[in-house]
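[1] Output the structure for:
(2 chains)
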Amino acid sequence: MQKIGVFVCHCGTNIAATVDVKKVVELVRYEPGVVFADDYMYMCSEAGQEKIIEAIKEYGLTGLVICSCSPRMHEKTFRACAEKAGLNPYMVEVANIREQCSWIHKDKEEATKKAVILARAAIAKVNLNTPLQEGESPVTKRALVIGGGIAGIQTALDIADAGYEVDIVEKEPSIGGRMSQFDKTFPTLDCASCILTPKMVEVNQHPNITLYTYSEVEKVSGYVGNFDVDIRKKARSVDFGKCTGCGECQTKGPLGKIGNIPSEFDRGLKNRPAIYMPFAQAVPAVPVIDRENCTYFKTGKCGVCAKICPSKAVDYEQQDEIVTVKYGAIVVATGFDIINLDKYGEYAYNECPDVITSIELERLMNAAGPTGGHLERMSDHKAPKEIVFIQCVGSRCDDDKGKPYCSKVCCMYTAKHAMLIKDHWPDTNITVFYIDVRTPGKNFDEFYRRAVEQYHVNYIKGQVGKVKPQPDGSIIVQAADLLDGKQINKKCDMVVLAAAIEPNPGVRKIATMLTASIDNNNFLTEAHAKLRPVESPTAGIFLSGMAQGPKDIPETVSQAGAAAVKVVGLLAKDKLKTNPCTAQCDTLLCNGCSTCANVCPYGAITYEDVQVNDHGLRETRRVAQVNVALCQGCGACTSACPSGAMDLQGFSNRQITTEVDAICR
Amino acid sequence: MQELINRLKELIADGTVVRAIGWKKGDMPYNPEPAYFEKPEDFDDFVYDGFCGANLSKMMIEASKLEGKTAVCLKPCDTYSFNQLIREHRVVRENAYIIGVACRGKLDIEKARKEGIKGIKSVTGIDIEGDGEVVFDTIYGEKKMAYSDLMLDRCHVCKGKDHVIFDEVIGESKDTDDADRFEEVRKIEKMTPEERFAFFKSELSKCIRCNACRNVCPACSCRKCVFDGTKFDSQQKANVDSFEEKMFHIIRAFHVAGRCTDCGECSRVCPEGIPLHLFNRKFIKDIDDFYGEFQAGKDPEAQSPLTDFTFDDLEPKDAVGRGE
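    Purely as a prediction, here's the structure:
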């Protein structure tokens, strides 16, 4: 029988205001196993911990139940405290009577009743707790950054500068990401490439950084400190060692400079040849052959690029290569894209070439873009004189069509676009339809006000109902002016849509491989929204940039640095403590059915034929074996196992059913 | 039937198999029972007719551990169970010689009893080949019933006449599917939660915990059932109320979810006539709705929606919406 001490925390008034703490102490005192119960203002404080240590010594406690905040907050504190008093840290259970009780209830009587029930469940569990020992595992001193945009670049540079080796895996032929497509950046209006390309070059030259471009993460196994990652290096069809990046192949190919494939980099506003570098400052400056669209790969005839390459670098025989690398930490910096606008027929995006997205406008205004930086209508190449910007296209939507969140950057980049256009072509009229203008950020509101006050951009609070392209080439935008209460039919030459941003669609697959959780909108979830914002709840996985949520460049760069520090903190350790709460197989109960192995996301379960002695019956049986180094204690196997052979240490089936029994009592 | 007996004898004689699993005559003409056959004279009692409903695939768990091969007679629907057992590594395929036996639907003596047929002395018209009426010779005289009126409910939702795994097939099977498999489930889904609870409470109150359903179920193949072990405190536990013990059936349904082939043996063997298959069928319907149609045991290599993890697995929130 355990000797259990129960400690009920007031958490100031956080708990005590809605839970009658004294009553909880009185009621749990006579629970089976409980020999001591007390309450205190702040159990986590130095004095509170001292109280626990004293009680352990005085009453010879063998188990503790702390009724306090979520175990995610202070479980560590109380375990350390138990250890200090000579108790195994896994003999401590936390009953969460704050987040799961006092914070969500108003009625004191009800909340008190629930707090007692939660405490009872924890007490019932502790009665079955057994001491567990943590193991140790080594740390591979190398980090992987998935995604080579500004987030990935900054994280990699910071980790590399701290002296650790880091690899970047980027699925496109060049690093640079979305930022490389932008023209100018708010609120200072410096050119995006001017500030990004030096960082790209630095990444390329850094002795601690290895670049895997045109590559994808294929498989991840292992655990914090010891990940094994398979990286697929897609066949570039151009020999890295021989190519000088002269660009002859792209300009003198069968279609000359023009090409016939919509350029991904220019958002389809321009074409590219099948052998291409996405943009002039691409890093690495080595082109790739897009095999799906290459005449040689499609028909076996052509081969012009190979003939004109002065350094004989084109290699049609190249194969995809898979490399397996060990890492201690992984950073997800997979970035974003804008939503597909197919569902938004009312904005006529698919219908009219002069209705464009903001990111297309970035390309149109960029000197290296499809029009050489001259703002023109894609239909007739005339300069637009009347431009309408529509905000929140798919952002802040309450229906299934769009996203519920604010994309955060659109208000600012629209103000930027408006001012840049007015600067270059002052006779252009600009109207912005908005729901709210949101400009929190250093120098942000000043920036927006400049657009209104100095540049006379016409901001109208109101939502656009329909965009109607006219036979004469003009466009009529139907909208409601919410402040004036009037219907507006605005005639214009060009419409720019601030389409909602969404996480890169590939992130789902990556998150699943990493077993990193994602939210309803496919953004990666933080370990704690406020206190651990750059860590995933999965140990060893860190978050950088838009993959975690909408943010602008300065915020992305700060987060990238924060993620790098967390990675460095991990890599600086020589050994990590391993979680003892792993699955175990009861060989005599195991049917050998493989269900546990089939549901294990970590590949931690294998099957072996072993000799068993089942109460005198000796036979060879196929039974499950758990690799505790790989097991993360998720419990999928324990719920899938039909015979109950699989059990989780610290969360055994019996412990859980006992808790349920205690709750239902 | 004679062709089947001859073939089994031949297989034993030429050493292909050491023994066979089939059915032997019971104490009544309508209750043949599963049996092992080794010597030629064992076959004197061999029977295979419309009342041979028992699914013999589960017997292969123990039989495939024996020295030498075992021939096993499997009806088309039994082969699904066998495949599922292969998938779960519970039988050794190499140690089994599967004779796919013909089936034109199996019979339910309760259907005859409901018609007031009692005192049965002998039954004709239940051969595998024929297609006439079933004639009962009773102490009260001769009674007749159409074959399909006498069929087990499960045979009206037959999975098809093809064996999904076999070494050889003897005879021609018939597809007897003429009803909607999920009709009963839909009826229950339409009930209010209170009505539903009352329905199952009333049905399960008949349970005498004889464990026949569990013992016959090919998916309930655990070496040691969780209800028999001491590990989970479930065996010795005093019941809080009269319904708690009935949770056995609900837990059992969860344990076989995604693995149950809907062979219907649980309902067939229940001495109290509880429609136990409804639990399993509700799970099957939900799995079909949530994850797309899935038939356990159809293909031992196929990914199973509940017991395989893949990167493309549907999120629960996306799956649940599909059921509505």
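[2] in which helix or strand would I find residue A:565?
    Assigned by DSSP states H and E, residue A:565 belongs to helix A:553-571.
[3] Which of the three states applies to residue B:169?
    strand (DSSP: H, G, I helix; E, B strand; the rest coil).
[4] count of residues packed around residue A:278?
    When neighbours are defined as other C-beta atoms under 10 Å in any protein chain shown, residue A:278 has 19 of them. All C-beta spots, glycine's among them, are computed from the backbone N, C-alpha and C.
[5] who touches it in this structure?
    Residues near residue A:278 by C-beta atoms under 8 Å, 6 or more residues apart in numbering or on different chains: A:172-174, A:176, A:263-265.
[6] Show me those residues that map onto helices.
    Judged by DSSP state H, the contacts of residue A:278 include no members of helices.
[7] show me the contacts for residue A:287.
    A:173, A:236, A:238, A:243, A:245, A:247, A:249-250, A:275-277.
[8] ok, back up a step: please report which of the contacts of residue A:278 has the highest neighbour count.
    Neighbour max across these (other C-beta under 10 Å) = residue A:176, 27 neighbours.
[9] That one against residue A:196, yeah?
    Yes: using C-beta atoms under 8 Å, residue A:176 is in contact with residue A:196, at 6.4 Å.
[10] list residues touching both of the two?
    residue A:153.
[11] Report all helices and strands that whichever helix or strand comes after the helix holding residue A:565 contacts.
    Using DSSP H and E, the helix or strand that follows helix A:553-571 towards the C-terminus is strand A:575-578. In terms of contacts (3 or more C-beta pairs under 8 Å, 6 or more residues apart in numbering or on different chains; DSSP states H and E), strand A:575-578 is packed against strand A:135-138.
[12] related to what we said a few turns ago, is it possible to get a markdown table of the contacts of residue A:278 that adds pLDDT and distance to residue A:215?
    A markdown table is the format used below for the contacts of residue A:278 (pLDDT from 0 to 100; distance: C-beta to C-beta, whole Å):
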| residue | pLDDT | distance to residue A:215 |
| --- | --- | --- |
| A:172 | 96 | 10 |
| A:173 | 97 | 10 |
| A:174 | 97 | 12 |
| A:176 | 97 | 15 |
| A:263 | 93 | 21 |
| A:264 | 94 | 16 |
| A:265 | 95 | 18 |
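[13] Need the max-distance pair from those residues.
    A:176 and A:263 (14.1 Å; C-beta to C-beta).
[14] how deep is residue B:204 tucked in, by neighbour count?
    Neighbours of residue B:204 using other C-beta under 10 Å come to 20.
[15] next one: residue A:656
    Neighbour count of residue A:656, defined by other C-beta under 10 Å: 18.
[16] what about it, which SS state?
    helix.
[17] Provide a list of residues in contact with the residue of the stretch 201-350 of chain A found nearest chain B.
    In the stretch 201-350 of chain A, no residue comes nearer to chain B than residue A:219, which is 9.8 Å away by C-beta to the nearest C-beta. Residues counted as contacts of residue A:219 (C-beta under 8 Å, 6+ apart) are A:229-230, A:513.
[18] contacts for stretch A:23-31?
    A:4, A:6, A:8, A:34, A:37-39, A:65, A:67, A:97, A:112, A:115-116, A:119-120, A:123-124.
[19] Pull it out as PDB, backbone CA atoms only.
    Backbone C-alpha positions of stretch A:23-31 (Å, rounded to 0.1, in the frame of the first residue of the first chain) are rendered in PDB as follows:
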ATOM      1  CA  LYS A  23     -12.900  21.300   1.400                       C
ATOM      2  CA  VAL A  24     -11.000  19.400  -1.200                       C
ATOM      3  CA  VAL A  25      -8.300  18.700   1.500                       C
ATOM      4  CA  GLU A  26     -11.000  17.500   3.900                       C
ATOM      5  CA  LEU A  27     -12.600  15.200   1.400                       C
ATOM      6  CA  VAL A  28      -9.500  13.500  -0.100                       C
ATOM      7  CA  ARG A  29      -7.900  12.900   3.300                       C
ATOM      8  CA  TYR A  30      -9.800   9.600   3.700                       C
ATOM      9  CA  GLU A  31      -9.200   8.300   0.200                       C
END
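[20] Check which residues of that stretch are buried.
    Using 16 or more other C-beta atoms under 10 Å in any protein chain shown as the test for burial, stretch A:23-31 gives A:23-25, A:27-28, A:31.
[21] And those residues, which is closest to chain B?
    Nearest to chain B, judged by C-beta to the nearest C-beta, of the buried residues of stretch A:23-31 is residue A:31 at 17.9 Å.
[22] doesn't the closest one fall inside a helix?
    No: in this structure, residue A:31 is coil, not part of a helix, as judged by three-state DSSP.
[23] was I right about residue A:2 contacting residue A:126?
    Yes: with contact defined as C-beta under 8 Å, residue A:2 reaches residue A:126; the gap is 6.1 Å.
[24] what sits in contact with each of the two?
    Joint contacts of residue A:2 and residue A:126 (C-beta under 8 Å, 6+ apart) are A:33, A:63.
[25] Just say helix, strand or coil for residue A:607.
    With three-state DSSP as the criterion, residue A:607 reads strand.
[26] Could you tell me the per-residue confidence at it?
    Residue A:607 is assigned a predicted lDDT (pLDDT) of 95.
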